[in-house]
Structures are given as structure tokens and as C-alpha cells.
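1. All I have is the shape, not the residue letters:
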């Protein structure tokens, strides 16, 4: 094996991904929205914040997993999409931002090679 051959492909760098950056905005906006407009003891608040957090975290985890498993990466991107779609149903005020993020995630899932 030559010295130039990488066994594990480059991975991580999720903070530079547009999808991750947008998911951070969605998460922060969700927390602020819930603090301002929804009762803090409400189950809705918990569900919305958890869905936003899950979207953000799964993008990061998928990026980190991309070096060793494209299958895992795509699975986590799918989980992120599902979480953000759930959030989209909970409140339409950030609908435009969330829809754009979902478009980015859908595009990423189509351009990434699937290895099973």
C-alpha cells in the first residue's frame, strides 16, 4: 500500500456545511420561539426543541461517520431530515428556512454514493 492511500476517507468538518449552519439557526430560533410563545411546561416546547436539536446533531454525526461508513452517514442525514420535517409540522414561522435546509439535505443524499 502506498503512503498516499488513505484507508479512511476525509470526514468531519460539519461546522463548514451549509446544512449544519442552517440547522444551528433553526435550533436557536426554535429555542427563542418556544421561550417567547409557548408555555415552558408544555410538551410541545420539549418536542419542538428536541426535533431541532436532533436535526442539528444528526447532521454533525453523519459528517463524522462519513469517513468509515457512507451507509451510516446517509442514515443519519435521513434522521436529520425526518426531525426537521417534524419541526416543520409544529410551526410554520420558520417554514422557508426549514424547507431550504431540507432541500440541501435531499440534494446531499442524492449526490453521496451509497455503500452497503
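-> Cool, got the structure. Keep in mind that this is a model prediction, so the values were computed, not measured.

2. ok, residue 106 - contacts?
-> For residue 106, the contact set (Cβ atoms under 8 Å, 6 or more residues apart in numbering) comprises residue 81. C-betas here are computed from N, CA, C, even on glycine.

3. now the helices for this protein?
-> Applying DSSP state H to the chain gives helices spanning 18-37, 43-65, 70-90, 95-111.

4. Between these, which one is closest to residue 12.
-> Checking the helices of the chain against residue 12 by Cβ to Cβ gives helix 43-65 as the closest, at 5.4 Å.

5. Quick check: residue 53 vs residue 59, distance?
-> Residue 53 sits 11 Å away from residue 59, taking Cβ to Cβ, to the nearest Å as the criterion.

6. Settle this for me: residue 34 is touching residue 41, isn't it.
-> No: assessed by Cβ atoms under 8 Å, residue 34 is found out of contact with residue 41, at 11.1 Å.

7. Specify which residue of those two has the higher count of neighbours.
-> Using other Cβ atoms under 10 Å, the more surrounded residue of residue 34 and residue 41 is residue 34, with 21 against 7.

8. and residue 81, what does it touch?
-> Residue 81 sits next to 55, 102, 105, 106, 109 when contact means Cβ under 8 Å, 6+ apart.

9. May I ask which of these has the most neighbours?
-> Neighbour-wise, the contacts of residue 81 (other Cβ under 10 Å) top out at residue 55, 30 neighbours.

10. for that residue, what are its contacts?
-> By Cβ under 8 Å, 6+ apart, the contact set of residue 55 is 23, 26, 27, 80, 81, 83, 84, 87, 101.

11. Which pLDDT does the model give the fifth one?
-> Just to be clear, that refers to residue 81. At residue 81 the predicted local confidence, pLDDT, stands at 93.

12. for the second one, same thing?
-> Per-residue pLDDT puts residue 26 at 92.

13. And for it, nearest residue in space, chain neighbours not counted?
-> residue 52 (5.5 Å; Cβ to Cβ, 6 or more residues apart in numbering).
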